[in-house]
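Q: Whatever this is, show me its structure:
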Amino acid sequence: MFQVQRHERLLSELRRSGAVRVSDLARDLGVSELTIRRDIAALAARNLVHRVHGGATLPTPARSLPARRTAFTVGMVVPSLDFYWPPIVAGARAAGAALGVNVQLRGSSYDPEEDRRQIGRLVDAGQVQGLLLAPSLDGDDADRMIDWITRLPVPTILVERQPRRWTSTPRPIEWVRSDHELGMEIAVHHLYEQGHRRIGLRLSDGSPTSAHLLRGWRRACADLGITADAGDGLTALIVHSDPEAIAVAQTCADRGIRIPDDLAIVSYDDEVAHLAELTAIRPPKNHVGRLAVEMIVSRLLDGDRRPAQGVLVAPELVVRQSSLSRRVRV
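A: Numbers count the residues shown, from 1 in each chain. As a prediction, the model looks like this:
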């Protein structure tokens, strides 16, 4: 592939997802990581991309230009500042830069009381006109948390969270999240197409995503007429999330279980799945962050004239060696 073709491919991927990884592009294009780094450097010199550690993102307005006065300041509270959430934050900030919105970020810890504390600090400071929130909605406290959020003095968008279909709250609550059920259905159908009929599922304990994944797995198995269980005799396994999937792959290697010949593996998240050449479902994290900012800006501009929205965004399948049948690999 010529340099101009690589550059176009890189820019196309950036326009689609908002961020690219050097390792992913090198593998997909069949070139060295050094070549991709040079491509990114060349594009960055033309202000077409922004270089970050391990990859590139869409550019933000040049630092040499006068700072643009932002229309709104929006607070964002996420439960973690490392695994899963950085691409969502990056997407929100990219959309904010494009729309003239200042995003104030705070980290929480999957704890309802800490969520309330961080949200309260943003609101009490009186500097935010809207909120992007990912609160803990597990257990009996979920309805109380939703009710409390709807009584805040500024509009709110839930990010990677969704309330019950109907809630008796003072005003409707809006949300945007990855369609994890669909993502799981995509994984099951992919494995079915590879010839598997006994497909197991391993979930992360305590993850708010697990319930969605379980429903998607059961629905896909029912649609395909295959057994939905995690017992003996499995030929394929879907694992949430990447670290757990890599651990399963390592255990299989230690026990002489060949992947994918004896057991096919699909990971759910695609944060580090590429390190073990694992097929993965990739939630659209960057796009979820972008949509959250666009939705809060729309709400602030239109007020109550616009109906409340709930948005599901489809994940994508990234196929690697861990799930391909022999007939496909030949």
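
Q: can you give me the strands for the stretch 101-250 of the chain?
A: 101-107, 130-133, 156-159, 174-178, 199-202, 236-240 (DSSP state E, counting those that start in this stretch).

Q: Which one, of the ones you listed, ends up nearest to T279?
A: T279 sits nearest to strand 236-240 of all the strands of the stretch 101-250 of the chain, at 9.6 Å, using C-beta to C-beta. Every residue, glycine included, has its C-beta placed from N, CA and C.

Q: Using TSV, please lay out the strands of the stretch 101-250 of the chain together with mean pLDDT, mean neighbour count and distance to A92.
A: Listed next are the strands of the stretch 101-250 of the chain as TSV, based on pLDDT from 0 to 100; neighbours: other C-beta atoms under 10 Å; distance: least, C-beta to C-beta, whole Å:
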stretch	mean pLDDT	mean neighbour count	distance to A92
strand 101-107	94	18	5
strand 130-133	98	24	6
strand 156-159	97	25	8
strand 174-178	96	23	11
strand 199-202	96	22	30
strand 236-240	97	26	24
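
Q: can I get those in a markdown table with distance to G120?
A: What follows is those, written out as a markdown table (distance: least, C-beta to C-beta, whole Å):
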| stretch | distance to G120 |
| --- | --- |
| strand 101-107 | 11 |
| strand 130-133 | 11 |
| strand 156-159 | 13 |
| strand 174-178 | 20 |
| strand 199-202 | 37 |
| strand 236-240 | 32 |
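
Q: Out of those strands, flag the one nearest V293.
A: V293 lies closest, by C-beta to C-beta, to one member of these: strand 101-107, at 5.9 Å.

Q: Run through who's touching the closest one.
A: Applying C-beta atoms under 8 Å, 6 or more residues apart in numbering, the set of residues contacting strand 101-107 from outside is 70-81, 89, 92-93, 95-96, 118, 121-122, 127-128, 132, 293, 296-297.

Q: just how off-centre is stretch 139-147 within its chain?
A: 24 Å (C-alpha atoms, centre = their mean, to the nearest Å).

Q: for stretch 72-92, same thing?
A: For stretch 72-92, the distance to the chain centre is 11 Å (C-alpha atoms, centre = their mean).

Q: measure it end to end?
A: End-to-end distance for stretch 72-92: 13 Å, by C-alpha to C-alpha, to the nearest Å.

Q: just use 401 as the starting number from now, easier for me
A: Sure, I'll start counting at 401 from here, so that last one is stretch 472-492.

Q: those helices in this structure, which residues are they?
A: Shown for the chain, the helices assigned by DSSP state H span residues 403-417, 422-429, 433-445, 486-499, 512-524, 541-550, 580-593, 610-624, 642-654, 685-702, 726-729.

Q: any idea of the mean pLDDT in the last one?
A: Think helix 726-729. The predicted model gives helix 726-729 an average pLDDT of 52.

Q: coming back round to it: kindly write the PyMOL command that selects the buried subset of the contacts of strand 501-507.
A: In PyMOL, a selection of the buried entries from those looks like this (16 or more other C-beta atoms under 10 Å):
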select buried, resi 472+473+474+475+476+477+478+479+489+492+493+495+496+518+522+528+532+693+696+697
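
Q: re the thing from before, mind checking the strands of the stretch 501-650 of the chain for the one nearest to R451?
A: strand 501-507 (20.9 Å).

Q: for the stretch 601-730 of the chain, which spans come out with low pLDDT?
A: Across the stretch 601-730 of the chain, the ranges flagged by pLDDT under 70 are 630-631, 726-730.

Q: one more time with 50, if that's ok
A: 728-730 (pLDDT under 50).
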